[in-house]
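[1] the sequence and its predicted three-dimensional model are supplied below.
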Amino acid sequence: MNNLHEWPEPIIRAQSLSEIGLPIIPDRYIKPPPERPSLNPENSDVNIPIIDLTGLSEDENTLPATTLDQISLACREWGFFQVVNHGVSPGLMDRARKTWRSFFHLPMDIKQTYANSPKTYEGYGSRLGIEKGAILDWSDYYYLHYLPLTLKDYNKWPASPDSCREVIDEYGKELVKLCGRIMKVLSINLGLRENHLQNAFGGENFGACLRVNFYPKCPQPDLALGLSSHSDPGGLTLLLPDHEVPGLQVRKDGKWITVKPSRHAFIVNIGDQIQVLSNANYKSVEHRVIVNSAMERVSLAFFYNPKSDILMKPVEELVSAHKPALYSPMTFDEYRLFIRLRGPKGKSQVESLKSPR
C-alpha cells in the first residue's frame with residue numbers, strides 16, 4: 001500500500017492554474033472521451049424532486065402523508081432530492097457560502113498553511129486518491145471533521161476570514177439537527193422505528209464532516225470534470241450548492257441530469273451506508289460535477305456518517321427469504337479507505353460489497 005502520509009507527486013492547485021489564464025488545460029485534467037461531460041444535456045427540463053419539509057421540526061413530525069410518500073419515492077428512484085422550509089436560516093446558509101468563498105480567495109501562502117495529506121484528508125486539498133499519474137479533477141477543497149468531538153480540532157479549521165470558525169460551528173450544529181430529522185423520516189418510510197437508522201449509525205456517537213468544494217473557471221469545460229463520477233461513501237449528504245451556477249449532475253436511467261438548485265434549498269442525497277442498511281430499498285446514486293468557463297463555483301457538502309468502527313449490514317427487518325441480505329458486513333472506516341486510496345470510481349465500491357450468491 002502507498003504511504004498515506006504523502007501525496008504521490010507535487011500538488012498543483014486548480015485555482016492557481018485557472019488564475020494564470022491558461023488557454024488550454026494540462027493533460028492531467030483531460031478525461032477519457034467516455035467520461036467527458038455533455039454541456040448541452042438532452043433532459044434540460046428535468047430536475048430532481050423538490051420537497052417542502054414544513055411540519056418537520058426537532059420536537060415533532062407533522063409532515064403530511066403525501067410528503068412522506070414524496071421522500072420515499074425520491075429515495076427509491078432518484079437517491080437525490082431538494083428540501084425547502086427545512087428549518088435552517090437562509091442568512092446562515094448565505095454566510096457560510098460567502099465565508100468559504102472568501103477563504104478560497106485568500107493569498108495562497110495563507111491557504112497553504114492548511115495543506116492536507118492523504119492520511120486524514122483534513123485541511124486544504126486538491127485531489128482524492130493516491131494513484132500516481134491519475135487524471136485529476138478541476139477543483140480544490142477544504143475538508144474538516146465536525147463530529148465526533150474527539151476528531152473536532154479547531155486548529156485545523158481556517159482562522160481566516162474573520163468569524164470563519166464561528167460560522168462553521170453554527171452551520172454544523174444546525175445541519176446535524178436537520179440530518180437527524182431526515183433520518184427519522186427515512187426510518188419511518190422503511191417501516192422501521194423512527195430511531196432505527198440513527199441507532200444503526202451508533203446513536204449519539206455518529207460522525208459528521210464538511211467538504212467545501214471550490215471549482216475555478218476552466219478554459220475547456222468540455223474536457224474536464226470538477227468532481228468525477230461517484231456515489232457518496234457515507235450515510236447522508238446535505239449539499240449547499242452555488243445557486244447561481246449549476247454544476248451537479250445526477251445519473252438517472254443512464255443519462256446525466258443537471259440539477260437546478262432552488263434558492264436556499266439543500267440537496268439531500270443517500271450515501272452508500274444507507275443503501276446497505278436499507279438492503280438497497282434506498283439507492284445511493286452516481287453523481288459528478290461539471291465546470292464552467294465563465295464562472296467559479298463554491299458548494300458545501302455536509303456528510304452525516306456512521307460511527308467509524310460499527311459493522312454496517314442490512315437491517316434484519318429488511319431481509320427476507322425473497323430478498324436476502326445483499327451486502328457483506330464492513331465498518332465505515334474500512335469502507336472509506338477505498339475512496340481515499342483510489343479516488344472516486346462510480347459505484348464500484350458499494351457493488352463490491354455484494355454478498356456472493
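    Received it, and whenever you're ready, just let me know what you need.
[2] so residue 209: helix, strand or coil?
    Judged by DSSP: H, G, I helix; E, B strand; the rest coil, the three-state class of residue 209 is strand.
[3] spit out the contact partners of it.
    With contacts taken as CB atoms under 8 Å, 6 or more residues apart in numbering, residue 209 has the following neighbours: 143, 144, 145, 146, 147, 302, 303, 305. To be clear about C-beta, it is placed using only N, CA and C from the backbone, and glycine gets the same treatment.
[4] got the contact list for the fourth one?
    So the one you mean is residue 146. Counting by CB under 8 Å, 6+ apart, residue 146 makes contact with 152, 168, 172, 176, 208, 209, 210, 302.
[5] closest one of those residues to residue 96?
    Set against residue 96, the nearest of the contacts of residue 146 by CB to CB is residue 168 (7.5 Å).
[6] how near is the residue lying closest to the closest one once chain neighbours are set aside to residue 145?
    Leaving out its chain neighbours, the residue that sits closest to residue 168 by CB to CB, 6 or more residues apart in numbering is residue 157, at 5.9 Å. Per CB to CB, to the nearest Å, residue 157 is found 9 Å from residue 145.
[7] one step back: relative to residue 107, how far out is the residue nearest to residue 168?
    18 Å.
[8] then residue 256?
    Counting by CB to CB, the gap from residue 256 to residue 107 is 36 Å.
[9] of those two, give the one with the bigger neighbour count.
    Comparing residue 256 with residue 107 by other CB atoms under 10 Å, the one with more neighbours is residue 256, at 18 against 8.
[10] re earlier: phi and psi next, for the residue nearest to residue 168.
    phi -100, psi 150 (degrees, to the nearest 10).
[11] same question for the one 10 residues further on.
    The phi/psi pair for residue 167 (degrees, to the nearest 10) reads phi -70, psi -40.
[12] which residue packs closest to it, ignoring adjacent ones?
    Nearest residue to residue 167, sequence neighbours excluded (CB to CB, 6+ apart): residue 99, at 4.8 Å.
[13] need the contact list for residue 312.
    Per CB under 8 Å, 6+ apart, neighbours of residue 312: 200, 273, 276, 277, 306, 329, 330, 331, 332, 335.
[14] which ones among these map onto strands?
    Here DSSP state E is the test, and the contacts of residue 312 give 330, 331 as lying in strands.
[15] for the contacts of residue 312, which single residue is the most surrounded?
    When neighbours are taken as other CB under 10 Å, the top entry among the contacts of residue 312 is residue 276 (29 neighbours).
[16] so what's the residue nearest to that residue when sequence neighbours are not counted bridging to?
    Excluding the flanking residues, the one nearest residue 276 by CB to CB, 6+ apart is residue 327, at 4.7 Å. Beta bridges link residue 327 to residue 354, judged by DSSP bridges.
[17] now do the strands in the chain.
    For the chain, the strands defined by DSSP E occupy 50-52, 80-84, 123-125, 140-147, 207-215, 227-230, 236-240, 248-252, 255-258, 266-270, 287-289, 297-305, 311-312, 330-331.
[18] mind listing the helices for this structure?
    Taking DSSP state H, the helices of the chain run over residues 14-19, 65-77, 90-104, 108-112, 164-189, 196-200, 272-277, 332-342, 348-352.
[19] distance between the ends of stretch 199-212?
    Taking CA to CA, to the nearest Å, stretch 199-212 runs 28 Å from one end to the other.
[20] buried set for that stretch?
    200, 201, 202, 206, 207, 208, 209, 210, 211, 212 (16 or more other CB atoms under 10 Å).
[21] try stretch 296-314
    So for stretch 296-314, counting by 16+ other CB under 10 Å, buried means 296-308, 310, 312-314.
[22] before we move on, what about stretch 93-100?
    In stretch 93-100, counting by 16+ other CB under 10 Å, buried: 93, 95, 96, 97, 99, 100.
[23] and if you look at stretch 242-254?
    Burial within stretch 242-254, assessed by neighbour count using 16+ other CB under 10 Å, is assigned to 242, 243, 245, 246, 247, 248, 249, 250, 251, 252.
[24] same deal with stretch 283-295?
    Judged by neighbour count (16+ other CB under 10 Å), stretch 283-295 contains these buried residues: 283, 284, 285, 286, 287, 288, 289, 290, 291, 292.
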